[in-house]
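Asker: The sequence and its predicted three-dimensional model are supplied below.
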Amino acid sequence: MPAVSKGDGMRGLAVFISDIRNCKSKEAEIKRINKELANIRSKFKGDKALDGYSKKKYVCKLLFIFLLGHDIDFGHMEAVNLLSSNRYTEKQIGYLFISVLVNSNSELIRLINNAIKNDLASRNPTFMGLALHCIANVGSREMAEAFAGEIPKILVAGDTMDSVKQSAALCLLRLYRTSPDLVPMGDWTSRVVHLLNDQHLGVVTAATSLITTLAQKNPEEFKTSVSLAVSRLSRIVTSASTDLQDYTYYFVPAPWLSVKLLRLLQCYPPPEDPAVRGRLTECLETILNKAQEPPKSKKVQHSNAKNAVLFEAISLIIHHDSEPNLLVRACNQLGQFLQHRETNLRYLALESMCTLASSEFSHEAVKTHIETVINALKTERDVSVRQRAVDLLYAMCDRSNAQQIVAEMLNYLETADYSIREEIVLKVAILAEKYAVDYTWYVDTILNLIRIAGDYVSEEVWYRVIQIVINRDDVQGYAAKTVFEALQAPACHENLVKVGGYILGEFGNLIAGDPRSSPLIQFNLLHSKFHLCSVPTRALLLSTYIKFVNLFPEIKTTIQDVLRSDSQLKNADVELQQRAVEYLRLSTIASTDILATVLEEMPPFPERESSILAKLKKKKGPGTVTDLEEIKKERSSDMNGSAEPASVNASVVSTPSPSADLLGLGAAPVTNSAPPPSSSGSLLVDVFSDSASAVAPLAPGSDDNFARFVCKNNGVLFENQLLQIGLKSEFRQNLGRMFIFYGNKTSTQFLNFTPTVICSDDLQSSLNLQTKPVDPTVDGGAQVQQVVNIECVSDFMEAPILNIQFRYGGTFQNLSVKLPITLNKFFQPTEMSSQDFFQRWKQLSNPKQEVQNIFKAKHPMDAEITKAKIIGFGSALLEEVDPNPANFVGAGIIHTKTTQIGCLLRLEPNLQAQMYRLTLRTSKEAVSQRLCELLSEQF
């Protein structure tokens, strides 16, 4: 088609663009633009009628001004008038202006639709092409309503030119993606399939894209396309590069069409007709053979095109999973790519081999490359390639190589990127459990896992260890001995303390005969870790102590002294205080028989799916290599899994933790030695709930993102392949305003887009939130904004939940994230002198007003970063107040509608031990506790 060029004589436009480029400042540019806008407006409103050329020139200027970022509020009618011109360049500019500036709600849409209909009916291929391009570019629902019935007729009409057929197919594809319900299926569907036999390869390529998308939703309607696609693919694959001269790309015949045909065939199972199936097998073998041939060109474009066809062919082979010979050949071909110098090829080879490993025909062939994959894990520079290597090791693992693979994963874990450590931990835990023949190896592996990457060992992993140890008598004594030895290390991760507390509470008697692990030594060893642990772990240890009273009556007095101490009976945490009081009373008044009944050993757990595997599936999503447990033909003999125990003992703790049944431990942890008390347990229960709910569980990584916003107000809160959620917040005293930006990362509209902010009953009384509604339709690539006005009425502990529901391509999407509205957002910093600070510090000396936490540093201990985080937390950073210059001191006031709460904080870093001690004093106990929790997570 002809293009707009200097020959069109638009000298005025060229001069204007030159003037804009020569402007020295933004002000000069705006002045020049305003002058031009005034000139164009006067021309449009003048008495003298403008000719087509002048209209075109002025509309072009308006379009250029709009593309510079300025609003245009006139000229639309003149652009619509250009559509009725018979000159190509004028009509082209009119369509270009409409595609960019006219929205679907415009009053001019009827006039535009009439002009488009006239062009479609003109049978002029150039004008028809412009009209179709405009429909596709706008792609609105209104366009679909107006033209979805018209375009299929143009597509299958016998007298339509090839270039128009191409445009019609792609235009219909665009409308189907945005409004599938408005594109009618009818007689044209059977006729459009026959476009695969068209002589013009451009038409075939466009039709293949359309048929592939339609076949995914309506496979039966387009079933006949399989034989035609195989026939066309066969002709391309067997042709020489000279046969398809116009569609040969660097000696590869029609690579894009080949890829599209192979992708279309992946919408269906292997052909039932033996002739078609045989012909397809020949095509795939030919593609694999060509991959072995020396390259016909050294240019990267040649290898890219050749490999694109090869990888799509391998995807089809894997999809069919029916030809052992092809599967093994594909595996061998991918194995050659594992050591290719191109990073992208290595990545794609690893990814494809992960899927091949699930096939019974090619699993053994994949295993032959284990050393190459292990080497990739150690030497690859790109983290994404290393992650695929981990996935492939996981997929190829079976009983014959489990110990080798687990050992390599553990070695890699010590230096692995932080972004993939949690996933590796889950996979090691699953493989160790699934393929454990010797359960002592399993226990050693999990304890090693906690030692190497304790921060990434989720509760699901250590719960599972406990379940398996309880279910297997032969490993209980070994587990008790091993955790006892592991706890003797000077620095133990808290997860190890949890496992040790639980197992010793149940089976400490099995190693008590050894003087080196006598009851008193076991107790002293656990209690030496007590003050370094978080509240849930301390609660678990208190339950272990009461179990010791039953197991070892000789140390009953020592344990009662600990339970009787002020630090327990008067603890600021209500859970710890209640446990100490009740356990002390139970040990004092209960007879030996009652103690033995209430505190008896945990019963075995009935079988069910491993909760670690469930968590990995949640993390990776369906249809990934984590589903190999179901796909693989070889099944390992099941261990006793976890589920609700058949019987539960009398409750020791009056208020069970909401997370008690998280992994099928049932209520038993509350009644036995190691209850996992967790304030956020209910959240995790929702994640693993089987029941459908209107509100989705929290999205993976939501807690991590939430923690990052404690000390900052702006940034990206959540992102996946569809949606990005950004935040911008401002707070002053007890009021705040939050701008939430929802970005559609796809090219497809989000329909029924409904974000909802949800507060619990307790939170509603403490926090007033007013949200403004957003547009229910979010166009592809667009962003919408929602404003949330916030008023803090009184102090609060929880955070609101933001739930987003919408439809994407006909699929319902439902996700939830925590909205980072936390108590510290209502801080007002307060400057104080050293004397005033310590005077106020002494006034807040009531034990209930102080909360202290000693914790290990999670990040490098950089003084400047620490200062920035304390300031970002909201308090004033007071210089030269603490006698120790290495310490950090802060002060501020929490403003609520009902009261003001003064707050003082002191952070003491210990660089040698890589630990912090954080002390907070406020006039309200709950506020101290919440602020301490929030700030502790930042270091």
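Answerer: In hand now; what should we look at?
Asker: so who does Pro776 touch?
Answerer: Listed by C-beta atoms under 8 Å, 6 or more residues apart in numbering, the contact set of Pro776 reads 751-754. From N, CA and C alone the C-beta is placed, and that goes for glycine too.
Asker: Next up, phi/psi of it, please.
Answerer: The phi/psi pair for Pro776 (degrees, to the nearest 10) reads phi -70, psi -10.
Asker: how much space between it and Pro180?
Answerer: 18 Å (C-beta to C-beta, to the nearest Å).
Asker: quick one: contacts for the residue nearest the centre of the chain?
Answerer: Note on the chain: the residue nearest the mean C-alpha position is Asn720, at 4.9 Å, using C-alpha atoms, centre = their mean. Asn720 is in contact with 699, 815, counting by C-beta under 8 Å, 6+ apart.
Asker: any low-confidence regions in the stretch 301-450 of the chain?
Answerer: Applying pLDDT under 70 to the stretch 301-450 of the chain flags no residue at all.
Asker: quick one, helices of it?
Answerer: Applying DSSP state H, counting those that start in this stretch to the stretch 301-450 of the chain gives helices spanning 324-337, 343-356, 363-367, 370-379, 383-396, 402-413, 418-434, 439-453.
Asker: Just want the angle from the last one to helix 402-413.
Answerer: Think helix 439-453. On the basis of axes from the mean of the first three to the mean of the last three C-alpha atoms, to 10 degrees, helix 439-453 is oriented at 10 degrees to helix 402-413.
Asker: which other helices and strands contact helix 439-453?
Answerer: Applying 3 or more C-beta pairs under 8 Å, 6 or more residues apart in numbering; DSSP states H and E, one finds that helix 439-453 contacts helix 402-413, helix 418-434, helix 459-471, helix 473-487, helix 494-507.
Asker: right, so of those helices, which gets closest to Ala863?
Answerer: Set against Ala863 and scored by C-beta to C-beta, these come closest in helix 418-434, at 22.1 Å.
Asker: in that closest one, what's buried?
Answerer: Within helix 418-434, the residues scored as buried using 16 or more other C-beta atoms under 10 Å are 420-434.
Asker: what helices or strands is it leaning on?
Answerer: Counting contacts by 3+ C-beta pairs under 8 Å, 6+ apart, helix 418-434 is packed against helix 383-396, helix 402-413, helix 439-453, helix 459-471, helix 611-620.
Asker: Checking my notes, Lys24 in a helix, right?
Answerer: No - going by DSSP: H, G, I helix; E, B strand; the rest coil, the assignment for Lys24 is coil, not a helix.
Asker: Now do it against Pro219, distance only.
Answerer: Distance, Lys24 to Pro219, by C-beta to C-beta: 62 Å.
Asker: Looking at the two, which one has more neighbours?
Answerer: Pro219 (13 against 7; other C-beta atoms under 10 Å).
Asker: So that one sits against Gln266, correct?
Answerer: No - using C-beta atoms under 8 Å, Pro219 is not in contact with Gln266; the gap is 11.4 Å.
Asker: Same list, the helices and strands packed on helix 418-434, but as a markdown table with mean neighbour count please.
Answerer: Formatted as a markdown table, the helices and strands packed on helix 418-434 follow (neighbours: other C-beta atoms under 10 Å):
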| stretch | mean neighbour count |
| --- | --- |
| helix 383-396 | 23 |
| helix 402-413 | 19 |
| helix 439-453 | 21 |
| helix 459-471 | 24 |
| helix 611-620 | 20 |
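Asker: May I see the ones you listed arranged in CSV, with distance to Pro885 as well?
Answerer: Formatted as CSV, those follow (distance: least, C-beta to C-beta, whole Å):
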stretch, distance to Pro885
helix 383-396, 39
helix 402-413, 38
helix 439-453, 34
helix 459-471, 39
helix 611-620, 44
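Asker: Compute the first-to-last residue distance for stretch 717-735.
Answerer: Terminal residues of stretch 717-735 lie 21 Å apart, using C-alpha to C-alpha, to the nearest Å.
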